[in-house]
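J.: Give me a model of this one.
(one chain, ligands or ions: 1)
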Amino acid sequence: MIEKIRQTASFLQARVNDMPDTAIILGTGLGALVDYIEDKQFIPYSEIPNFPISTVEGHSGNLIFGTLGGKRVMAMQGRFHYYEGYDMKQVTFPVRVMKALGINTLFVSNAAGGMNKEFRVGDVMVITDHINLFPENPLRGKNYNELGPRFPAMTEAYDHKLIALADEIAAQKGIRLVHGVYVGTPGPTFETPAEYEYFRVIGGDAVGMSTVPEVIVANHASMRVFGVSVITDLGGKDVTQVPTHEEVQQAAELAQPKVVEIMRELVKQA
Ligand code: HPA
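T.: Residues are numbered from 1 along each chain as shown. The predicted structure is shown next:
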């Protein structure tokens, strides 16, 4: 694994002049951020040694290097989901490469179903914490001490200062920003009403099929993390609306301008 990380990092270092220290994983709902990145250099995943290829509809696979709000950034256009069949080491490989390239701050975004009764479709939720319900932890197996500790703390998995900064930015811009705990599940099914209810009872506010593996590895690698979920549908025992992939994408697109505004400013100030 160490050798593969080095190989991929060297490949990218040879291609990219001015390496950023900030990375963004563009989930459903943040694709439009790409339009705001200037002086873009696209590197398709298919050209990157050891990178898996993204398969799901609505996610294209590119690394993008460029400038956002005057700051150099690296963006992942499309991520690798566990439900696609990748194992946890593949899902989180890009985060390992980021660290090897010198990235110390990671921004992540996703679409999620809301269980919190105060939430509305189109809300933007800052992830304050998560619950890992994937069947596996990406750190299972041999620990490489050069990558991080055997038993990493997850007490502040999402950086408190970045959360406070996001709140300030949202208040200035008059954007409603809610806080919540993200429950990460393997998917690809959406939840049964009883499952949404269960996730709410155990302390979750929103549920989705990504993010948790990457955030675990980023924490293992001592990176600062900031995450947002776009609430694309609501679930619970008295909610009968059936979520579809198309609806999730549509709702995410509607919320997109809010997420883009917050992220641009946050990247600049972070
Ligand atoms: N459940 C799981 N993942 C999701 C959902 C949901 O309701 N909405 C968007 N991604």
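J.: mind listing the strands for the stretch 151-270 of the chain?
T.: 177-184, 206-208, 224-234 (DSSP state E, counting those that start in this stretch).
J.: most packed of these?
T.: Per residue and on average, the most neighbours among those fall to strand 206-208, with a mean of 27 (mean count of other Cβ atoms under 10 Å). Yep, even glycine has a C-beta here, placed from its N, CA and C like the rest.
J.: what about the worst-scoring helix or strand of the chain on mean pLDDT and the ligand, touching?
T.: Using mean pLDDT, DSSP states H and E, helix 245-269 stands out as the lowest-scoring helix or strand of the chain, at a mean of 87. Yes. Interface with the ligand: helix 245-269 contributes Val248 (Cβ under 6 Å from any ligand atom).
J.: what comes into contact with that helix?
T.: 22, 24, 28-33, 36, 57-58, 68-71, 73, 107, 109, 111, 121-124, 162, 165-166, 169-170, 173, 175, 177, 226, 228, 230-233 (Cβ atoms under 8 Å, 6 or more residues apart in numbering).
J.: Same question for stretch 126-138.
T.: So stretch 126-138 is in contact with 82, 87-89, 91-92, 108, 157-158, 163, 166-167, 177-186, 199, 202-204, 211-213, 215-217, 226-229, going by Cβ under 8 Å, 6+ apart.
J.: Quick check: buried residues in that stretch?
T.: Using 16 or more other Cβ atoms under 10 Å as the test for burial, stretch 126-138 gives 126-130, 132, 134, 138.
J.: From these, pick the one nearest the ligand.
T.: Phe134 (12.5 Å; Cβ to the nearest ligand atom).
J.: Can you check what pLDDT the model gives the closest one?
T.: Per-residue confidence (pLDDT) for Phe134: 97.
J.: One more: the one 10 residues further on?
T.: Looking at Tyr144, its pLDDT reads 95.
J.: check contacts around it.
T.: Counting by Cβ under 8 Å, 6+ apart, Tyr144 touches 1-2.
J.: Briefly note if stretch 102-116 comes near the ligand.
T.: Yes. Stretch 102-116 comes into contact with the ligand (Cβ under 6 Å from any ligand atom), by way of 111-113.
J.: List the contacts of Gly114.
T.: Contacts of Gly114 by Cβ under 8 Å, 6+ apart are 120-121, 123, 125, 205-206, 231, 233-235.
J.: Please give me every residue in contact with Asp123.
T.: Contacts of Asp123 by Cβ under 8 Å, 6+ apart are 114, 176, 178, 230-231, 255.
J.: 6 Å - rerun?
T.: Shown in contact with Asp123 (Cβ atoms under 6 Å, 6 or more residues apart in numbering): 178, 231.
J.: Leu68 now?
T.: Leu68 neighbours (Cβ under 6 Å, 6+ apart): 37, 267.
J.: Next one: it, what pLDDT does it get?
T.: For Leu68, pLDDT reads 92.
J.: For Ile5, give its distance to the ligand.
T.: The gap separating Ile5 from the ligand is 29 Å, by Cβ to the nearest ligand atom, to the nearest Å.
J.: and that residue, which of the three is it?
T.: At Ile5 the chain is in helix, as set by DSSP: H, G, I helix; E, B strand; the rest coil.
J.: The stretch 1-150 of the chain against the ligand: which residues are in contact?
T.: 111-113.
J.: is the residue most central in space within the chain in a bridge, and if so with what?
T.: What sits nearest the mean C-alpha location of the chain, by Cα atoms, centre = their mean, is Val108, with 2.9 Å. According to DSSP bridges, the residues that bridge with Val108 are Ile25, Gly227.
J.: Contact partners for it?
T.: Val108 touches 25, 211, 227, counting by Cβ under 6 Å, 6+ apart.
J.: One more: Gln41?
T.: For Gln41, the contact set (Cβ under 6 Å, 6+ apart) comprises Phe65.
J.: Now do Pro138 against Val242, distance only.
T.: Distance of Pro138 to Val242, given as Cβ to Cβ, to the nearest Å: 31 Å.
J.: do Lys89 as well
T.: As defined by Cβ to Cβ, Lys89 lies at a distance of 34 Å from Val242.
J.: Looking at those two, which one has more neighbours?
T.: Ranked by neighbour count (other Cβ atoms under 10 Å), Lys89 and Val242 place Lys89 first, with 17 against 9.
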